[in-house]
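**Student:** Model the structure of this input:
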Amino acid sequence: MYDLFVLGELMSEDKHGYILQERLQYAVGPTRKISPGTLYPLLSRFVESGWITLQFEEKKEGGRSRKLYGLTEHGRERFQELMVNPVEHNTDTELTFQFQITYFQYVTKDVQLMCLDQYLGYLHNNLKYVNSLSEMIAKKKINEKQLFQVLRMLDHRKHVLLADVGWVTEEIERIKTTKEL
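**Tutor:** Now for the predicted structure:
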């Protein structure tokens, strides 16, 4: 997932590691912490894989040299592969999808639609699960107050999923009717 983010960020221009870390932190939000121990080993692996380049800028007075990362042609190919690979349905699916739509400008309309269709499938699977869970729990013999709150929680989740389904469906239609640049 972070692979997609880093390669996507480097599609437009070379960046310093601290800029990548700052943007990644903004992207994942306030509840996840992105440490240098997460990002810099990933960057090192990408350099070894030939996906990105590493340049050292000259030291400023009293400071240390800064690392500047750039994307190679092999890295551009890897980015395209990550965009078309099916997204695994796990706890990072929503964040991966957010990364994908952030970098839609670097892929074709067909790839954009494929990403949206995959995410729509993920949403429909979750919606089916929430509906079946609601039905199952409603039949259980549990405390009435607790049952009410659990069903309210599931109803909330259902509303969030339906809102996401609506947005993705509208986005699919918007992209289908937009001319590719």
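**Student:** Checking my notes, E170 in a helix, right?
**Tutor:** Yes. Membership of E170 in a helix is supported by DSSP: H, G, I helix; E, B strand; the rest coil.
**Student:** This protein: strands as residue ranges?
**Tutor:** Counting by DSSP state E, the chain has strands at residues 15-16, 52-56, 67-71.
**Student:** right, so of those, which gets closest to K158?
**Tutor:** K158 lies closest, by Cβ to Cβ, to one member of the strands of the chain: strand 15-16, at 39.9 Å. Quick note: C-beta positions are derived from backbone N, CA and C, even for glycine.
**Student:** Tell me which other helices or strands that closest one touches.
**Tutor:** If you count contacts as 3 or more Cβ pairs under 8 Å, 6 or more residues apart in numbering; DSSP states H and E, strand 15-16 packs onto strand 67-71.
**Student:** domain ranges for the chain?
**Tutor:** Domain assignment for the chain, taken from automatic domain parsing, gives 1-87, 108-181.
**Student:** Make a markdown table out of those and add mean pLDDT.
**Tutor:** Formatted as a markdown table, the domains of the chain follow (pLDDT from 0 to 100):
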| stretch | mean pLDDT |
| --- | --- |
| domain 1-87 | 90 |
| domain 108-181 | 91 |
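**Student:** Let me have the ones you listed in a markdown table, adding distance to E94 and mean neighbour count as columns.
**Tutor:** A markdown table is the format used below for the domains of the chain (distance: least, Cβ to Cβ, whole Å; neighbours: other Cβ atoms under 10 Å):
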| stretch | distance to E94 | mean neighbour count |
| --- | --- | --- |
| domain 1-87 | 10 | 15 |
| domain 108-181 | 8 | 14 |
